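In: Sequence unavailable; structure follows:
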């Protein structure tokens with residue numbers, strides 16, 4: 001197992017040397033420290049660490065952020081360590097214990113996956129700001145990004161070599177970069193798993209350079225920006241706009257036909273014309289904007305309208321069936337229609353994604 005340990009640090013104290021020493025004792029022979037623009041009064045820790053065999057120090061003359069520090073180390077790794085299996089990122093404040101670092105590396109090798117070292121935030125001794133921040137972010141990840149990650153703030157991540165280039169393409173220069181890395185697991189189809197590690201906070205995490213307000217805003221901005229560009233969100237917007245267009249067209253054609261035909265024929269014509277026109281709009285938006293299909297228009301058009309007809313028939317049959325079985329009155333039938341169509345909405349999304357526009 002040939003792993004490079006990456007430790008980005010800004011203005012470190014003696015804890016950085018403790019990290020290096022413990023890693024060496026566990027058999028890690030390649031440690032890459034990144035001095036992210038530390039001032040002169042904090043250079044001693046890097047100078048002392050560089051005396052150990054197998055320790056390299058990369059220097060940013062000015063502070064560029066944790067994201068850029070990690071990218072600098074990734075670039076160095078790809079160029080200088082061509083025969084290594086991967087890297088593991090570790091914080092320089094001694095919160096990640098060497099035995100946990102080793103455990104994550106072993107899991108990476110055996111599972112060929114990116115490994116997240118996750119802490120237990122249910123404990124009573126976790127600093128309040130860390131517990132609240134992680135639980136909130138974890139919940140948002142699960143709700144909006146469909147990523148179930150226990151510890152979204154962990155800096156202990158073992159990354160196989162094959163995924164390092166993907167990580168270099170991830171946007172972000174500061175703390176938001178680590179959030180973008182997690183989002184990239186989904187967008188780049190990178191397999192990952194979690195490994196439980198010790199939960200260590202030193203002096204209530206006072207040595208952290210994380211700004212609770214400024215950096216949190218950047219992180220949540222990244223998360224919501226990701227959600228608003230997801231296929232599911234665009235599909236929902238497209239469906240809502242199609243519904244609005246359908247209703248507008250229905251009213252327009254109802255007005256046009258009001259003096260020409262009987263009420264029943266007017267409603268039927270307005271409904272059919274509006275539904276056909278709004279469905280064609282929905283088809284074009286889904287094909288070009290939502291799913292960005294590369295398949296021929298003829299193929300997707302036929303499949304879309306097969307599904308379109310099928311969804312309408314299912315809606316009618318299911319509502320009619322439940323109304324008959326449950327003996328629903330007019331108001332409950334309307335509620336049943338909403339529930340059935342909502343279920344069909346999600347079914348239609350998956351069918352369009354996996355069959356119509358695949």
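Out: Noted; the coordinates are in hand. Please read these numbers as outputs of a predicted model, since none were measured by experiment.
In: Now do the contacts for residue 266.
Out: Shown in contact with residue 266 (C-beta atoms under 8 Å, 6 or more residues apart in numbering): 254, 257-258, 260. From N, CA and C alone the C-beta is placed, and that goes for glycine too.
In: Mind listing what's buried along the helix or strand hosting residue 269?
Out: Using DSSP states H and E, residue 269 sits within helix 263-285. Buried residues in helix 263-285, counted by 16 or more other C-beta atoms under 10 Å: 266, 269-270, 273-275, 277-279, 281-283, 285.
In: Nearest to residue 16 among the residues you listed?
Out: residue 285 (53.1 Å; C-beta to C-beta).
In: Just to check, the closest one is in contact with residue 238?
Out: Yes: look at residue 285 against residue 238 with C-beta atoms under 8 Å: they come within range, at 4.5 Å.
In: low pLDDT regions in the stretch 151-300 of the chain?
Out: Applying pLDDT under 70 to the stretch 151-300 of the chain flags the ranges 201-230.
In: residue boundaries of the strands in it?
Out: 157-160, 192-196 (DSSP state E, counting those that start in this stretch).
In: Those strands: which one's closest to residue 97?
Out: strand 192-196 (12.1 Å).
In: Could you list every helix and strand in contact with the closest one?
Out: Other helices and strands packing on strand 192-196, by 3 or more C-beta pairs under 8 Å, 6 or more residues apart in numbering; DSSP states H and E, are helix 98-111, strand 114-118.
In: between it and helix 98-111, how many degrees?
Out: Orientation check (axes from the mean of the first three to the mean of the last three C-alpha atoms, to 10 degrees): strand 192-196 against helix 98-111 gives 150 degrees.
In: Tell me the strands beside strand 192-196, with direction?
Out: strand 114-118 (parallel) (DSSP bridges).
In: In this protein, mark out all the helices, start to finish.
Out: Using DSSP state H, the helices assigned to the chain run over residues 15-25, 44-49, 66-80, 98-111, 128-140, 164-169, 176-187, 214-228, 231-257, 263-285, 297-326, 330-351.
In: thinking again about what came up before, export the contacts of residue 266 to JSON lines and append columns for distance to residue 100 and neighbour count.
Out: Formatted as JSON lines, those follow (distance: C-beta to C-beta, whole Å; neighbours: other C-beta atoms under 10 Å):
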{"residue": "254", "distance to residue 100": "68", "neighbour count": "16"}
{"residue": "257", "distance to residue 100": "72", "neighbour count": "18"}
{"residue": "258", "distance to residue 100": "74", "neighbour count": "11"}
{"residue": "260", "distance to residue 100": "77", "neighbour count": "9"}
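In: So which bits of stretch 2-13 are buried?
Out: Buried residues in stretch 2-13 (16+ other C-beta under 10 Å): 3-12.
In: Keep only those of those that are in strands.
Out: Judged by DSSP state E, the subset of these located in strands is 3-9.
In: Burial check on the closest residue to residue 116 other than its chain neighbours, number of neighbours?
Out: Leaving aside its sequence neighbours, residue 116 sits nearest to residue 194 (C-beta to C-beta, 6 or more residues apart in numbering; 5.0 Å). Applying other C-beta atoms under 10 Å, we find 16 other residues in the vicinity of residue 194.
In: about what we covered before: out of the helices of the chain, nearest to residue 156?
Out: Per C-beta to C-beta, nearest to residue 156 of the helices of the chain: helix 98-111, 6.1 Å.
In: Which positions within the closest one qualify as buried?
Out: Buried, per 16+ other C-beta under 10 Å, within helix 98-111: 98, 100-105, 107-109.
In: Put together TSV for those residues, with distance to residue 179 and pLDDT on each row.
Out: Putting the buried residues of helix 98-111 into TSV (distance: C-beta to C-beta, whole Å; pLDDT from 0 to 100) gives the following:
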residue	distance to residue 179	pLDDT
98	26	95
100	22	96
101	22	96
102	26	97
103	24	97
104	19	97
105	23	97
107	22	97
108	21	97
109	26	97
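In: which two in those are spaced the farthest apart?
Out: 98 and 109, at 16.7 Å, using C-beta to C-beta across the buried residues of helix 98-111.
In: For the closest residue in space to residue 39 that isn't next to it in sequence, give its distance to residue 32.
Out: Of all residues not flanking residue 39 in the chain, residue 11 sits nearest, at 6.2 Å (C-beta to C-beta, 6+ apart). Note on residue 11: its distance to residue 32, by C-beta to C-beta, to the nearest Å, is 18 Å.
In: cool, and residue 123?
Out: 31 Å.
In: the more surrounded of the two?
Out: A direct count of neighbours by other C-beta under 10 Å for residue 123 and residue 32 places residue 32 higher, at 23 against 10.
In: pretty sure the more buried one contacts residue 4?
Out: Yes: with contact defined as C-beta under 8 Å, residue 32 reaches residue 4; the gap is 5.6 Å.
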